[in-house]
Every structure is written in structure tokens, then in C-alpha cells.
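K.L.:
Provide a 3D model corresponding to the input given below.
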Amino acid sequence: MRTVGALQRFSRVLVCPCPPPSSVRSWSVAQIRSCSRSSAEKPMPRNSMLRHLTSKIKATGPISVAEYMREVLTNPVTGYYVQNDMLGPDGDFITSPEISQIFGELLGIWCLSEWMGAGKPSHFQLVEFGPGRGSLANDILRVFSQLRGALGGTAVSVHLVEVSSKLSQVQAQALTRDQSQVSAREDEPVYRQGTTTTGLPISWYRNLDDVPRGFSIYLAHEFFDALPIHKFQRTEKGWREVMVDIDPDEPGKLRFVIVPAPTLASTQLIQADEVRRLVEVCPEGGIIIQHLANRIAEDGGAALIADYGHGGTKTDTFRGFKDHKLHDVLASPGSADLTADVDFSYLRKMAGATVACMGPVSQRDFLKNMGIDTRLQVLLRNCADPSIKAQLIQSYDMLTNPQKMGERFQFFTMLNHSRLTRPEPEQSEGGEKKAPAPLPVAGFSELGLS
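P.N.:
Presented below is the predicted three-dimensional model:
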């Protein structure tokens, strides 16, 4: 198909043939979020978040893990995501877009592929959840700019869902330089807007509901793993919820407890066919998936979700990260990132039959299907600097090696059902023509970028 041929050419002409030293991102495996459980550490000195949580528990009793995560991460005054710039070598963890520009370039190709597969709508919204430092969006927009001829006169706009005002400043600097303005009122749906360095309108929101309706490609990279989870344990008396309480032996320390009676969450969130002894459920993630599925079904588009995750097999994955090391999730709350692996089988159930779901597939398979090997060879062939070549190879290994991020990270997509439906045959004077097959879904099948 002509579209596949165009995508094959994209991987060869993207961006600069050899990135300048300042744009090469190289990190050690120790800086990447681990998938193992958190190890115990000595409790840190009391802080304002700990005082807030202990006061809440004293007043109302033990709180759910979901409430604990919500307070620690997104409390409007002292929340971790609200107060900190946690990404990069000086932060607490590193994400794939920070490792290599190739990652973002290939996701840019994925967005263009889905836009083409949908029939090239005249309006195209790129929506990203939790954009971090803006690295992924920056790489994608650079691809769009390089390949503006393919987009033609399409009206492209950028929409970022970000709860952290501090991070939105970092994103705005990366994506617009000084071309953004903050709303005068805090309750405005669009709290920041401007123009990207590539000339596209860009807006910031705190909630998906505020993002305009229309054909959209939704990206969620390491977003769902930070949403609040409930933890449950099977007991002789049935399912009971694991909650957070004050340690009676050390009043300045928190501990996990199993509540003796059923809670609303333990009676409503456990699947009837559940066989595991320990379960983590993210109802907020399920609600977002349902909203996305409804939007995609009604307005067209697709969602690509990339995260540490599993297919409904893991049990205890709740962990903390501080200074690129595992951190006790209950120690010094508000000073470390909290995360839990995404249960993609749960997301698929929440999406239901509203949309077509594909995956999860490993990051290694996804990137190789997207043509990462071809793209790497193009960069190496056009690069004369040995140190940059070594960094490109190291970044490639970090992203694809099964022992690093290659198998730990998973990709999952939701598509409008029409995307996978063969169009009606075209009529001609000589009889019926055979309808063309739908464009393969990039990343989830080989695109043939050789």
C-alpha cells in the first residue's frame, strides 16, 4: 500500500541523520524503575505529609492504599507530583523518552500511521497524559514537523493532561520556549496554552473531561502505573482490604493492616473469577479507560498505553522510588515516587466491546515491529563521532534488552472498530474492485520497515 511505503520512508529520513551530543540521552540500568518489590529502609524524619496522614488516620481510622497514594502523589499543597521535578538523572527515575530520541520518533510514526489508517481526518488532536518533561511530545512533534508534507493541510493541535503546575512549566519551556501563558483563574479548564516551537497550538488541562472532543491520538506513557490502587488479600473469611495505619509501637511510623470487615471496595472491585491470593485494583484507571473507549468509539482515533505491567498474573507490585533506588512506600511519604504495575487484563475488561483492543506486547517486540533496528542503522551510518555511536547503541540496548526494559515494559492499544474493518469495495466500469485491506496496526504487527 502507498501508506506503508510512506511509513517505510519515514524511518530513513527522520530528524537529524546523527544527533548532536547534547541531544543523545544515555542512562545506566540502575536509573530505570525496577520491577522488584521495594526493600525496607529506615524511616525518614517526620515531614508535613506524614503529619497530615497521621492526623487523618487518627480522625477517621486506617485509610486505603488508594487514598494514601492519592494524598502522597497529588495533594495540591504537598503532593510529590505537585512539588517536584522527579524526572531525569537528578530526579527519582528515568523514562524511555529520556533514554533515546529514537523512542519518541517511532511513537511519532505510530501516531501518523493511525491517522493514515483512519482515513487522514482533517483535524488531528495529539493528547498526552502525564507528559513528564515533555521529551516524548517534543520528539513526536519534531517528527510531525519533518514530515509536514505527509500531514498536508491537516489541523494538528496538542493537548497535555498534567496535574502538576511545576511540571507544566518544564513542559512549556521544552515545547514552546517562551510562547505560553498561564490562565488568570485557577479553575479554568485550560490552565496554560501557547504555541509549540513547530507552530502548533498547545493547551494544558488537569482532567481528560476538559480536553475538546474530536479525532484524537491518546498517549499514556508511564501514566497508569502512578494511579491509585486498592490492595486486597484473600482470607478465611473472604476478601479483605489492605489499608494504611499508624504503627502503635512507633507513632511516627506507618504500617499496613488487613481490616477485619469487608469494605465497599472489597465487595465491588474483585472479579468473580479471581484466583490470586493478593490483588491490586486501579478503579481510577478503569474509569479513564472507559472514558477513552467512549471517545474513540464516538469521535475516532486511538489510544496507546505503555507501562510496566502484566496480564493479570502478578500480585504485590506496589513500590517506591527515590534517587533511582527502591524506597519503602510508607517511609517519608511525599519524598518518593509511588507506582504499581498495570494490570492490562483489567484495562481490557473495562474497555469492553466499545473498542478493539490489541496487546499487550513487550516493548522489545513493539519497537522492533516499528523498525527500531532500521532507524538505529540509519543513525549509525550517518554518524562519525565514536562516542555518540556508543551512546546510541547503549540506549538501544537499554530499550530492547529483555533483561533491562525490553520485556518489563508493555504496549497496549485501543482502536475504533472501523479501523480494522475492510472498507466497501470501489465500483468500476469493469466490475467490482476488491476492497483494500486495512493498514496494519504499527507496532503490534510488522510494518516491514527494512
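K.L.:
A strand includes Val163, no?
P.N.:
No. Looking at Val163 with DSSP: H, G, I helix; E, B strand; the rest coil, it is coil, so not inside a strand.
K.L.:
Run a quick neighbour tally on it.
P.N.:
17 (other CB atoms under 10 Å). Using the backbone N, CA and C atoms, a C-beta is placed for each residue, glycine as well.
K.L.:
Could you do the one 3 residues further on as well?
P.N.:
With neighbours defined by other CB under 10 Å, the count for Lys166 comes to 14.
K.L.:
residues making contact with the helix or strand harbouring it?
P.N.:
Using DSSP states H and E, Lys166 sits in helix 165-176. Residues from elsewhere that reach helix 165-176, judged by CB atoms under 8 Å, 6 or more residues apart in numbering: 81-85, 131-135, 137-138, 141, 158, 160, 162, 180, 191-192, 194-197, 202, 204.
K.L.:
now with 7 Å?
P.N.:
For helix 165-176, the surrounding residues in contact (CB atoms under 7 Å, 6 or more residues apart in numbering) are 82-83, 85, 131, 133-134, 137-138, 160, 162, 180, 192, 194-197, 202, 204.
K.L.:
what does the average pLDDT come to for that helix?
P.N.:
Taken as a whole, helix 165-176 has a mean pLDDT of 93.
K.L.:
for that helix, which positions count as buried?
P.N.:
Residues of helix 165-176 classed as buried: Ser165, Leu167, Ser168, Val170, Gln171, Ala172, Ala174, Leu175, Thr176 (neighbour count, 16 or more other CB atoms under 10 Å).
K.L.:
and which of the residues you listed is nearest Leu347?
P.N.:
Leu167 (24.3 Å; CB to CB).
K.L.:
how far away is the closest one from Lys314?
P.N.:
Going from Leu167 to Lys314 by CB to CB, to the nearest Å gives 28 Å.
K.L.:
returning to what we had before: dump the buried residues of helix 165-176 to a markdown table, plus distance to Pro333.
P.N.:
Supplementary listing: the buried residues of helix 165-176 in a markdown table, determined by distance: CB to CB, whole Å:
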| residue | distance to Pro333 |
| --- | --- |
| Ser165 | 21 |
| Leu167 | 19 |
| Ser168 | 23 |
| Val170 | 23 |
| Gln171 | 26 |
| Ala172 | 29 |
| Ala174 | 29 |
| Leu175 | 31 |
| Thr176 | 34 |
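K.L.:
center of the chain - which residue?
P.N.:
With distances taken as CA atoms, centre = their mean, His221 lies nearest the centre of the chain, 1.7 Å away.
K.L.:
give me the number of residues near Gly149?
P.N.:
Neighbours around Gly149, by other CB under 10 Å: 7.
K.L.:
Could you do Ser445 as well?
P.N.:
Ser445: 12 neighbours (other CB under 10 Å).
K.L.:
The nearest residue in space to it that is not next to it in sequence: how many residues sit nearby?
P.N.:
Among residues not flanking Ser445 along the chain, Asn369 sits closest, at 6.4 Å (CB to CB, 6 or more residues apart in numbering). The tally of other residues near Asn369 (other CB under 10 Å) stands at 22.
K.L.:
Gly153 now?
P.N.:
6.
K.L.:
Repeat that for Gly104.
P.N.:
23.
K.L.:
which residues sit in contact with it?
P.N.:
Taking CB under 7 Å, 6+ apart, one finds Pro97, Ser135, Leu136, Asp139, Ile140 in contact with Gly104.
K.L.:
Any figure for the gap between Ser332 and Pro438?
P.N.:
51 Å.
K.L.:
Give me the more crowded residue out of those two.
P.N.:
Neighbour tally, Ser332 and Pro438, criterion other CB under 10 Å: the higher count belongs to Ser332, 20 against 15.
K.L.:
List the beta-bridge partners for the closest residue to Pro131 other than its chain neighbours.
P.N.:
Spatial nearest neighbour of Pro131, excluding adjacent residues (CB to CB, 6+ apart): Leu160 at 4.9 Å. In this structure, Leu160 bridges to Glu128, Trp204 when assessed by DSSP bridges.
K.L.:
how close does Leu160 get to Leu126?
P.N.:
9 Å.
K.L.:
go on, Leu107?
P.N.:
Taken as CB to CB, the span from Leu107 to Leu126 is 10 Å.
K.L.:
out of those two, which sits in the more crowded spot?
P.N.:
Leu107 (29 against 22).
K.L.:
Counting neighbours, what do you get for Leu347?
P.N.:
Using other CB under 10 Å: Leu347 sits among 27 other residues.
K.L.:
Provide a list of residues in contact with it.
P.N.:
Contacts of Leu347 (CB under 7 Å, 6+ apart): Gly285, Ile289, Phe412.
K.L.:
helix or strand for it, which one?
P.N.:
helix 344-351.
K.L.:
mean confidence score for that helix?
P.N.:
97.
K.L.:
Of all the residues in it, which ones are buried?
P.N.:
Of the residues in helix 344-351, those buried (16+ other CB under 10 Å) are Phe344, Tyr346, Leu347, Arg348, Met350, Ala351.
K.L.:
Glu114: which of those is nearest?
P.N.:
Of those, the one sitting nearest to Glu114 (CB to CB) turns out to be Ala351, at 16.5 Å.
K.L.:
where's the residue nearest to the centre of the chain relative to Phe129, distance?
P.N.:
8 Å.
K.L.:
just Leu399 next, same as before
P.N.:
21 Å.
K.L.:
what's the answer for Ala118, then?
P.N.:
Counting by CB to CB - Ala118 and Phe129 are separated by 20 Å.
K.L.:
Those two: who's more crowded?
P.N.:
Between Ala118 and Phe129, counted using other CB under 10 Å, Phe129 has the larger neighbour count: 23 against 19.
K.L.:
Skipping its backbone neighbours, what lies nearest Val329 in space?
P.N.:
Per CB to CB, 6+ apart, closest to Val329 is Gly320, 4.3 Å.
K.L.:
Please identify the helix or strand for the one you found.
P.N.:
Applying DSSP H and E, one finds Gly320 within strand 319-322.
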